[in-house]
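Novice: got a structure for you, letters missing:
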């Protein structure tokens, strides 16, 4: 017997995830009405289909700005999608605005992805970790693993895609983008951004 799901619950799940009404209803039925499990199910399915779309060319989109309260921090960001139709959608515009706010709220972020970080920074961070006293008596293999783990953690703080999303700390910006790729059926990419700080 199929579990009867209220339309209010389906609507709430749709607002939370951006997935289609039928997908939301199906996810709730599959998880016996468990809201959190339904979110996980939709994310897993969304991320799987989104991964196939990330290779497609995205040359439409929006440039948007965000000025933080008090006018001391400003952000310009370009986010690309595949068609003008998606670029005009309210959900896409909201996504671009949220990304601009994320950049304003993440002062350490310099790069879009860890892939964009120059090799020199990786080497410099490795050198810093090598000189730390707490690693002195550790065996070489263990020392190497610890150093790589620490460097990776540091580099993630510089990457926008690795940041917890300010409006939902359970997902990263990368997972947010993949959710929207699944929602729109198009590739979405953060192309570039500039952060302005008053006096700098």
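Specialist: Ah, there it is. Worth saying up front: this structure is predicted, and the values here are computed from it rather than measured.

Novice: Sketch out the low-pLDDT regions of the chain for me.
Specialist: 1-3, 15, 17-20, 45-59 (pLDDT under 70).

Novice: Go ahead and flag the most central residue of it.
Specialist: Nearest to the mean C-alpha position of the chain, by C-alpha atoms, centre = their mean, lies residue 173 at 1.2 Å.

Novice: my guess is that residue meets residue 161, correct?
Specialist: Yes - using C-beta atoms under 8 Å, residue 173 is in contact with residue 161, at 5.2 Å. For every residue, glycine as well, the C-beta is placed using N, CA and C.

Novice: ok, back up a step: check contacts around the residue nearest to the centre of the chain.
Specialist: By C-beta atoms under 8 Å, 6 or more residues apart in numbering, the contact list for residue 173 reads 99, 102, 160, 161, 162, 163, 165.

Novice: Distance of the first one relative to residue 160?
Specialist: From residue 99 across to residue 160, the span is 8 Å (C-beta to C-beta, to the nearest Å).

Novice: Need the overlap of contacts for the two.
Specialist: The contact sets of residue 99 and residue 160 overlap at 173, 190, 193 (C-beta under 8 Å, 6+ apart).

Novice: hmm, back to that, name the nearest of the contacts of residue 173 relative to residue 12.
Specialist: Distance to residue 12, by C-beta to C-beta, is smallest for residue 165 among those, at 18.8 Å.

Novice: The closest one - how many residues pack around it?
Specialist: Other residues near residue 165 come to 18 when the count uses other C-beta atoms under 10 Å.

Novice: That's all I had, so thanks and see you.
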